[in-house]
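Asker: Got a predicted structure here, sequence first:
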Amino acid sequence: MASSDGQTASHVEACERLERWMPRAVRGVVEKLAQKGARAVLVGGGVRDAFLDREPPDWDVATDALPSDVAGWFPRVVRAGEKHGTIMVLTGPMPVEVTTFRGEGPYLDGRRPSHVTFLKDLTADLARRDLTINAIAYDVVAKTIVDPFDGESDLHAGVVRAVGDAAARFSEDGLRPLRALRFAATLGFEVEQGTRAALESAYATFARVAWERKKVEMEKLLGNGVELVAPVAMLFESGMLEHLAPELTTTRNVDQLLQLPRDAMLRLAGWVVLAKRVPQDAAAIVKRWRASVSDAERVSKAVNAFQTKPDPTSLVALRRWVSKNDWAAARDAATLEGLFDKARLTSELDALAAQKPPLAIADLAVDGSELESLGMRGPMVGIVLRQLLEKVLENPEINEKTTLRATALTLSTGIMSG
């Protein structure tokens, strides 16, 4: 039941959490704005997280003060976003974003409004936001929740719903359809029917969004998802998956990915495995998303290591496999066994690591300069080192200088005579 000021018990609990968790820097900014006669509220994800009893990682302040006024009230600010209403206040160790209430003109490029208009009306500002669960504000001075689109009810019901007309919200910013599915995945919520129906019609706008922005959402969806089956089904239905990763459209059975750690690149590798694709496909997806070279290498190596994993009871095969793939890829491949409720490889790798066997040329008891002292030159040095490693992988006990020097001479003689 709501109190006389419209505040529910849930509102009161959320307010108490926000008061308890609010960083000193954020409180200081809000108090300064209030001293200047401006209204200042917390908005967005921080307020949403408070209702979910999760301490917010981010804090955003909105105000009815003009950006130029905000910039003048604080000694150290960054004005790069002033055109769009945002001033970064530098106070202590934590920068605080302060954005003026605003209305938006038409979205001509599916990303940014053609212009913004600064407003005094908080409800009008909240109306431009993507989802009801993100359109809740906390008035720090009045210590009340402002929730004109009933986002609280959707939070309690576990529903992702667009603010107002879903098709209109999605046409404004092509990333919003993917954000809706990301929240469904990370919160374990259902997507409201009207919002779901608008996903497919938003495809053209979505396709124009920069890959870097789409990558961020997919990493959050995969890496933090607690429910993936329904969101992935909607990625299929809307055509977004065909755009994001056509290599993965061969399977919708992704529930097994939840058995893996919350690691976006590892879960992507797992999806590639479930789709029965090859390492090159994994690398292509990550590159398309404009992710880092290291991420592309990690995913493709993990898939390759998993698809070439040996019989773990053969120590020789296991050593050769780790040597070829490296420890990181081997560990990822062992984790991917969790897709199929197996854990044999992990225990065998643990046992192998405890033995600390030589697995790379750098682990050999002799190096290139040692072979050069035996008269070997040029490419011969590399050839012999690789052959020595093969012999040591088969029998680690021979990895001592005297034995390897003698073996190297025998190998080089054989190579020259051959």
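Answerer: Structure received. Numbering: from 1, shown residues only.

Asker: pretty sure residue 269 contacts residue 304?
Answerer: No. Using CB atoms under 8 Å, residue 269 is not in contact with residue 304; the gap is 9.7 Å. Every residue, glycine included, has its C-beta placed from N, CA and C.

Asker: neighbour count winner among the two?
Answerer: Ranked by neighbour count (other CB atoms under 10 Å), residue 269 and residue 304 place residue 269 first, with 32 against 20.

Asker: In a strand, the more buried one, correct?
Answerer: No. Assigned with DSSP: H, G, I helix; E, B strand; the rest coil, residue 269 falls outside any strand and is helix.

Asker: Now do the contacts for it.
Answerer: Under the criterion of CB atoms under 8 Å, 6 or more residues apart in numbering, the neighbours of residue 269 are 282, 298-299, 302-303, 306, 332, 336.

Asker: Let's see that with 6 Å instead.
Answerer: By CB atoms under 6 Å, 6 or more residues apart in numbering, residue 269 lies in contact with 299, 302-303.

Asker: any idea of the pLDDT on it?
Answerer: On the pLDDT scale, residue 269 is placed at 98.

Asker: what's the answer for residue 218, then?
Answerer: 98.

Asker: Give the helix, strand or coil label for it.
Answerer: Once three-state DSSP is applied, residue 218 turns out helix.

Asker: Would you check how far apart it and residue 329 are?
Answerer: Distance, residue 218 to residue 329, using CB to CB, to the nearest Å: 22 Å.

Asker: Ok, residue 265 next?
Answerer: Counting by CB to CB, the gap from residue 265 to residue 329 is 12 Å.

Asker: what does residue 60 give?
Answerer: The value you get for residue 60 to residue 329, if CB to CB is used, is 39 Å.

Asker: So which of those two has more stuff around it?
Answerer: Neighbours were counted for residue 60 and for residue 329 using other CB under 10 Å; residue 329 has more, 23 against 19.

Asker: my read is that one is in a helix, agree?
Answerer: Yes. Counting by three-state DSSP, residue 329 falls inside a helix.

Asker: show me the residues around it that make contact.
Answerer: Applying CB under 6 Å, 6+ apart, the residues near residue 329 are 301-302, 305.

Asker: Just name the closest of those to residue 373, please.
Answerer: Using CB to CB, the shortest approach to residue 373 within the contacts of residue 329 belongs to residue 301, at 35.3 Å.

Asker: per-residue confidence at the closest one?
Answerer: 98.

Asker: can you tell me how far the residue lying closest to it once chain neighbours are set aside sits from residue 47?
Answerer: Nearest non-adjacent residue to residue 301, counting by CB to CB, 6 or more residues apart in numbering: residue 329, 3.9 Å away. Going from residue 329 to residue 47 by CB to CB gives 42 Å.

Asker: Which residue ranges of the stretch 51-200 of the chain form helices?
Answerer: 67-73, 122-127, 151-157, 166-172, 176-187, 193-201 (DSSP state H, counting those that start in this stretch).

Asker: what does the fifth one rub up against?
Answerer: Where contact means CB under 6 Å, 6+ apart, the residues beyond helix 176-187 that reach it are 130, 160, 169-170, 191, 199, 202, 206, 217, 220-221, 224-225, 227-228, 231, 234.

Asker: try it again with 7 Å
Answerer: The contact list for helix 176-187 (CB atoms under 7 Å, 6 or more residues apart in numbering) reads 130-131, 160, 169-170, 189-191, 195, 199, 202, 206, 214, 217, 220-221, 224-228, 230-231, 234-235, 238, 240.

Asker: Hey, what's the angle from that helix to helix 193-201? Just curious.
Answerer: For helix 176-187 against helix 193-201, the angle by axes from the mean of the first three to the mean of the last three CA atoms, to 10 degrees is 130 degrees.

Asker: Check which residues of the helix or strand hosting residue 354 are buried.
Answerer: For residue 354, the element it lies in under DSSP states H and E is helix 344-355. Judged by neighbour count using 16 or more other CB atoms under 10 Å, the buried positions of helix 344-355 are 345-346, 348-349, 352.

Asker: Which other helices and strands does the following helix or strand past it contact?
Answerer: Remark: after helix 344-355, the chain's next helix or strand is helix 368-373, criterion DSSP H and E. Other helices and strands packing on helix 368-373, by 3 or more CB pairs under 7 Å, 6 or more residues apart in numbering; DSSP states H and E, are helix 379-394.

Asker: what sits up against the helix it packs on?
Answerer: Helix 379-394 is contacted from outside by 316, 319-320, 323, 358, 361, 364, 368, 371-372, 376, 398-399, 404, 407-408, 411-412, 415, using CB under 7 Å, 6+ apart.

Asker: So for stretch 142-156, what gets flagged as buried?
Answerer: 144-147, 149, 151-152, 154-155.

Asker: how about these in CSV, adding distance to residue 164 and pLDDT?
Answerer: As requested, the buried residues of stretch 142-156 are exported to CSV (distance: CB to CB, whole Å; pLDDT from 0 to 100):
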residue, distance to residue 164, pLDDT
144, 23, 96
145, 20, 97
146, 17, 97
147, 14, 97
149, 8, 98
151, 12, 97
152, 17, 97
154, 13, 98
155, 18, 98
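
Asker: can you name the two of those residues that are farthest apart?
Answerer: 144 and 154 (19.2 Å).

Asker: I'd like to know which of the buried residues of stretch 142-156 is nearest to residue 165.
Answerer: Looking across the buried residues of stretch 142-156 and measuring by CB to CB, the closest to residue 165 is residue 149, at 12.1 Å.

Asker: right, and the closest one touches residue 163 too?
Answerer: Yes. Here residue 149 reaches residue 163: they are 5.3 Å apart, a contact under CB atoms under 7 Å.
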